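Trainee: give me a 3D structure for the following:
(chains A and B)
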There are 2 protein chains.
Amino acid sequence: MAKILITSGPTRQYLDPVRYLSNASSGRMGAALAQAAIDLGHEVTIVSGPVSIEYPSRATVIPVVSTDEMLHSAMQAFRDCDGAIGAAAPCDYMPRFVNDQKIAKTGDPLTLQLIETPDVVATLGQNKTASQWVVGFALESEDRRFRATVKLEKKHCDLIVSNGPTAIDSDENEVELIGRSGDVLMKIHADKQSVADRILQVIQERLIP
Amino acid sequence: MAKILITSGPTRQYLDPVRYLSNASSGRMGAALAQAAIDLGHEVTIVSGPVSIEYPSRATVIPVVSTDEMLHSAMQAFRDCDGAIGAAAPCDYMPRFVNDQKIAKTGDPLTLQLIETPDVVATLGQNKTASQWVVGFALESEDRRFRATVKLEKKHCDLIVSNGPTAIDSDENEVELIGRSGDVLMKIHADKQSVADRILQVIQERLIP
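Mentor: Take a look at the predicted model:
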């Protein structure tokens, strides 16, 4: 039995009390991974951004809104875990300045300065101990395998799951699972639960002692 | 019996295939207004952005994503309606340029040029015939009553509902209903269904022959 942290869903970065930057991540892949891990007898903690799906009742769910909150909660939970799966799609840009009041429309264009948010999976990867493992997700619209391999290296992941934008808010997913040496360990196009079951099988074989 | 158009939920303006600008509007106020109108025997068409709530099964629902799509669908539906209630929170800024591919992070800040999207309620207000009516919503974080009255005038509304940012994604709402002459017709702080019932009563008395 392992203790597994799963990050899931989108995060939001507010510009003002009303408007935010985000993405359509539904949390479905995270929920499917949690179910697959629970089915294998593991203990699951999910750090999730705002989603409308239900997570497995046997998982502990820690709700967050922003990427900073996700990072903070994930780092804290990771201390007690054997490994982490970064299935969330944290909002990776945030406004340099956030307005306390709703920005009033003036008819003129609005220039928004965005800066990168901290990288949740990379921070988990940098801080993992010798016995901990981290599995990342890479969502790319082009050069998918190459970019996923670069991310695996840069984020100190043990495995990376490469998928495309069609995965977002969909019932299906088409993924490649890439290992440390850049080799494609698995390729699958199926419903998210089947994809999650297969990913957990590979994690079980390769990363869980 | 009147035919009533209700716009509901948020809209999204994509920066690239993954990231978008939006807000947390849940569609709950739109759903409550639809139910209130149906309970009074009216026929309801809802033009809704992406939401996870369920609308009353007796309403016709036209799903849209962007503000332009909401405007187009609402204008088309309005032709056959007696009146419209703009309960949606359309995303009011959009990127001047949209990227075909996911914008790759470089470590550098990203400057985003935003321009205003078309105003759905104002366009309905400008295009209404002598017998049609339009009820708007104004969501403001400060100077609420003043700004709502300005919007009522500018958007050619017959009534405007003023509420604050706490209304978003909440079960409750605190609103003021303001008439053509700037008079506060009603003030209510209650669950969204009760608020919707009261708004529909005022619409029934004042706007439906």
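
Trainee: report how many residues lie close to A:R180.
Mentor: The tally of other residues near A:R180 (other CB atoms under 10 Å in any protein chain shown) stands at 14. In this view, the C-beta of every residue, glycine as well, is placed from N, C-alpha and C.

Trainee: swap in A:D183?
Mentor: Counted with other CB under 10 Å, A:D183 comes out at 9.

Trainee: measure it to chain B for me?
Mentor: 24 Å (CB to the nearest CB, to the nearest Å).

Trainee: got the residues of chain A near chain B?
Mentor: In this structure, chain A approaches chain B at residues A:12, A:15-24, A:50, A:52, A:89, A:91-93, A:96, A:100-102, A:104-105, A:107, A:109-116, A:139-142, A:147, A:165, A:168, judged by CB under 8 Å from any CB of the partner chain.

Trainee: from these, which land in helices?
Mentor: Using DSSP state H, A:R147 are the members of the residues of chain A next to chain B that sit in helices.

Trainee: just the buried residues of the residues of chain A next to chain B.
Mentor: A:12, A:15-24, A:50, A:89, A:91-93, A:102, A:110, A:112, A:114, A:139-141, A:147, A:165, A:168 (16 or more other CB atoms under 10 Å in any protein chain shown).

Trainee: so which of those residues are in strands?
Mentor: The strands, defined by DSSP state E, take in A:R19, A:Y20, A:L21, A:S22, A:N23, A:Y93, A:L110, A:L112, A:L114, A:L139 from these.

Trainee: among these, show me the least confident.
Mentor: Among those, A:L139 has the lowest pLDDT, at 87.

Trainee: quick one: contacts for that one?
Mentor: Contact criterion CB atoms under 8 Å, 6 or more residues apart in numbering or on different chains gives A:A89, A:N163, A:G164, A:P165, A:A167, A:I168, B:V18, B:K102 as the residues in contact with A:L139.

Trainee: check the third one and give its pLDDT.
Mentor: What that stands for is A:G164. pLDDT, read off for A:G164, is 81.

Trainee: same deal with the last one?
Mentor: Confidence per residue is given as pLDDT, and for B:K102 that number is 87.

Trainee: who touches it in this structure?
Mentor: If you count contacts by CB under 8 Å, 6+ apart, B:K102 has them with A:L139, A:E140, A:S141, A:E142, A:P165, B:D16, B:P17, B:V18, B:R19.

Trainee: got it, and A:L15?
Mentor: A:L15 touches A:L21, A:P95, A:V98, A:N99, A:I103, A:L112, B:L21, counting by CB under 8 Å, 6+ apart.

Trainee: just put those residues in a markdown table and tack on distance to A:Q132.
Mentor: Putting these into a markdown table (distance: CB to CB, whole Å) gives the following:
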| residue | distance to A:Q132 |
| --- | --- |
| A:L21 | 31 |
| A:P95 | 33 |
| A:V98 | 34 |
| A:N99 | 39 |
| A:I103 | 42 |
| A:L112 | 37 |
| B:L21 | 36 |
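
Trainee: what's the closest of those residues to A:C81?
Mentor: Nearest to A:C81, judged by CB to CB, of these is A:L21 at 28.9 Å.

Trainee: could you give the residue of chain A that lies closest to chain B?
Mentor: The minimum distance from chain A to chain B, using CB to the nearest CB, falls at A:S52 (3.4 Å).

Trainee: so what's that residue closest to, chain neighbours aside?
Mentor: Of all residues not flanking A:S52 in the chain, B:S52 sits nearest, at 3.4 Å (CB to CB, 6 or more residues apart in numbering or on different chains).

Trainee: next one: A:D171
Mentor: Closest residue to A:D171 apart from its sequence neighbours, by CB to CB, 6+ apart: A:D191 at 5.9 Å.

Trainee: try A:C157
Mentor: Counting by CB to CB, 6+ apart, A:C157 lies nearest to A:G136, which is 4.1 Å off, once chain neighbours are set aside.

Trainee: in a strand, the one you found, correct?
Mentor: Yes - counting by DSSP: H, G, I helix; E, B strand; the rest coil, one finds A:G136 located in a strand.

Trainee: quick one, what contacts the residue nearest to the spatial centre of chain A?
Mentor: The residue lying closest to the centre of chain A (CA atoms, centre = their mean) is A:A88, at 2.3 Å. A:A88 makes contacts with A:T7, A:S8, A:G9, A:P10, A:T11, A:S25, A:G30, A:V47, A:S48, A:G49, A:M70, A:V120, as judged by CB under 8 Å, 6+ apart.

Trainee: pLDDT-wise, what's the bottom of those residues?
Mentor: A:S25 (93).

Trainee: burial measure for that one, as a count.
Mentor: By the criterion of other CB under 10 Å, A:S25 has 26 neighbours.

Trainee: got a list of what it touches?
Mentor: A:S8, A:G9, A:P10, A:G49, A:V51, A:A88, A:A89, A:I168, A:D169.

Trainee: could you look up the SS state of A:L33?
Mentor: At A:L33, secondary structure determined by three-state DSSP is helix.

Trainee: circling back to that earlier point, confidence score at the residue nearest to A:S52?
Mentor: What the model reports as pLDDT for B:S52 is 94.

Trainee: next one: phi and psi at it?
Mentor: Phi and psi for B:S52, reported as degrees, to the nearest 10, are phi -110, psi 0.

Trainee: so it touches A:E54, yeah?
Mentor: No - counting by CB atoms under 8 Å, B:S52 does not reach A:E54; the two are 11.2 Å apart.

Trainee: thinking again about what came up before, residues contacting the residue nearest to A:D171?
Mentor: By CB under 8 Å, 6+ apart, the contact list for A:D191 reads A:D171, A:E172, A:N173.

Trainee: identify the bridge partners of it.
Mentor: A:E172 (DSSP bridges).

Trainee: look up how far A:V184 lies from it.
Mentor: According to CB to CB, to the nearest Å, A:D191 stands 21 Å off from A:V184.

Trainee: show me the shaky parts of chain A.
Mentor: Nowhere does chain A drop to pLDDT under 70.

Trainee: can you pull the contacts of the closest residue to A:E142 other than its chain neighbours?
Mentor: What sits nearest to A:E142 in space, not counting adjacent residues and going by CB to CB, 6+ apart, is B:Q101, at 5.4 Å. Neighbour list for B:Q101: A:S141, A:E142, B:D16, B:P17 [criterion: CB under 8 Å, 6+ apart].

Trainee: dihedrals phi and psi, A:Q204?
Mentor: Main-chain torsions, A:Q204, degrees, to the nearest 10: phi -60, psi -50.

Trainee: near it, how many other residues are there?
Mentor: Residues near A:Q204, counting by other CB under 10 Å, number 15.
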